[in-house]
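*Asks:* structure for the following, please:
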Amino acid sequence: MALGIEFYPEQCLKSIHRSSKCSLCVDVCPTHAIDFKTTSPQLDSLKCVGCGACVALCPTDVFEAKNPSDEEIICFIEEKQKERAEEIVFCCERIQSKEPHFRGISCLARMDSSLLLSCFKNSAVSVKLIHGSCEKCHGSALKNMFEKSISDVKHIQPSAQIELSNIDAYIAKKDETIEGITRDGHLRRRMLFSLFGKKPASSESEILTVQRPIVFKDNRYKQRSFKKQDRLRYLIALMQDRVFSDSIMGVKPIIDPLLCKECSICTKVCPTGALGMNEEKAFGVDYTTHACIACHMCEDVCFAKAITFAPKTMNDMFKNEPVLLFEKDEVTPQEEERVVIFRT
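*Replies:* Below is the predicted model:
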């Protein structure tokens, strides 16, 4: 795919149910390449610059980054750990230095908390994230993203050493010029040519779409997880050695029994099967904490506004057995009173 982004619209929450209010990818996209003009999301290849911010934020893996992929980044991390490197350095590819130990990526916003936490799986290393002039590139919104990822990792692993710095603060600025144009200026010009230099033959923008071999909607009633959540849950268990704390880690749904209309639509639209019907109850809703990705789909589709979200702890994330989230006691039918008529 162009610009290293593959797109699976059938996995989007809005494709599953139109009532979904999720707009994380639209809100974070610096070039407004994503829109929901139809019932499913669309990605404009002419506007997309491949920063990967949507990849890091999307809870259902609608976007998948290539060059490098998540697997390639993890392989790079594992190689550095085998070499017993003291530091692992990721930097924006637009200011990538000639230092051989640097790993250039499209944007530091691409590094979600699970990828950063992978650096501390087997060894105590320091991680450095080097960025350029974010305000000149895509604005400060993406910089806020990877700053939040760093904060989340330090919340999970307080001893993690992660440093975020500007390229000028990390290495001496090199006077590199290409035909009288500075390196930064050349790279900005190259990016401009990548956006407008190659247009498709059609006047309409190309939509990047890839169809997965398994249709997402056919599996929505089964428990399904996504790679970012799987990786994060595994790494948290590894870091904490399965001794979990009561510190806040995400949110979980709560059903108000006074407002619930017992329609069960929340269990039908849950993309991971975290909500399901309890067969032993007259009407009961089970909740599997570790399967929940906090997509708020159940809250969005509940017309009675009976579902809200409350904080959950790290300990909640590893409860494998479903818990009863909502229960209605079975009502036994009462015998009707008999009326005896005496004739006189």
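
*Asks:* what about the longest helix along the chain, average pLDDT?
*Replies:* Using DSSP state H to define each element, the chain has its longest helix at helix 141-156. Averaging the model's pLDDT scores along helix 141-156 yields 84.

*Asks:* that one: how far from the chain's middle?
*Replies:* In terms of Cα atoms, centre = their mean, to the nearest Å, the centre of helix 141-156 is set 13 Å apart from its chain centre.

*Asks:* what is it packed up against?
*Replies:* Of the remaining helices and strands, those touching helix 141-156 by 3 or more Cβ pairs under 8 Å, 6 or more residues apart in numbering; DSSP states H and E are helix 24-28, helix 53-57, helix 113-118, strand 126-131, strand 161-166, helix 227-240. C-beta here means a position set from N, CA and C on the backbone, and glycine is covered the same way.

*Asks:* closest to M249 out of the ones you listed?
*Replies:* helix 227-240 (7.7 Å; Cβ to Cβ).

*Asks:* counting neighbours, which bits of the closest one end up buried?
*Replies:* Across helix 227-240, burial judged by 16 or more other Cβ atoms under 10 Å covers K228, Q229, R231, L232, R233, L235, I236, M239.

*Asks:* please identify the helix or strand for the closest residue to M277 other than its chain neighbours.
*Replies:* Spatially, and ignoring its direct neighbours in sequence, M277 is nearest to T267 (5.6 Å; Cβ to Cβ, 6 or more residues apart in numbering). Assigned by DSSP states H and E, T267 belongs to helix 265-269.

*Asks:* what's the neighbour count on the spatially closest residue to C266 that is not a sequence neighbour?
*Replies:* Spatially, and ignoring its direct neighbours in sequence, C266 is nearest to C298 (3.9 Å; Cβ to Cβ, 6+ apart). For C298, the number of neighbouring residues by other Cβ atoms under 10 Å comes to 24.

*Asks:* and the helix or strand hosting C298, what does it pack onto?
*Replies:* Using DSSP H and E, C298 falls within helix 297-301. Here helix 297-301 touches helix 265-269, strand 307-313, going by 3+ Cβ pairs under 8 Å, 6+ apart.

*Asks:* from the ones you listed, which stretch is densest packed?
*Replies:* Mean neighbours per residue, mean count of other Cβ atoms under 10 Å, is largest over the helices and strands packed on helix 297-301 for helix 265-269, with a mean of 19.

*Asks:* just the CA trace of that one, in CSV.
*Replies:* Output of helix 265-269 as CSV, limited to C-alpha atoms (Å, rounded to 0.1, in the frame of the first residue of the first chain):
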residue,chain,number,x,y,z
ILE,A,265,-28.2,-4.7,21.9
CYS,A,266,-25.0,-4.0,23.8
THR,A,267,-24.0,-7.7,23.8
LYS,A,268,-24.7,-7.9,20.1
VAL,A,269,-22.5,-5.0,18.9
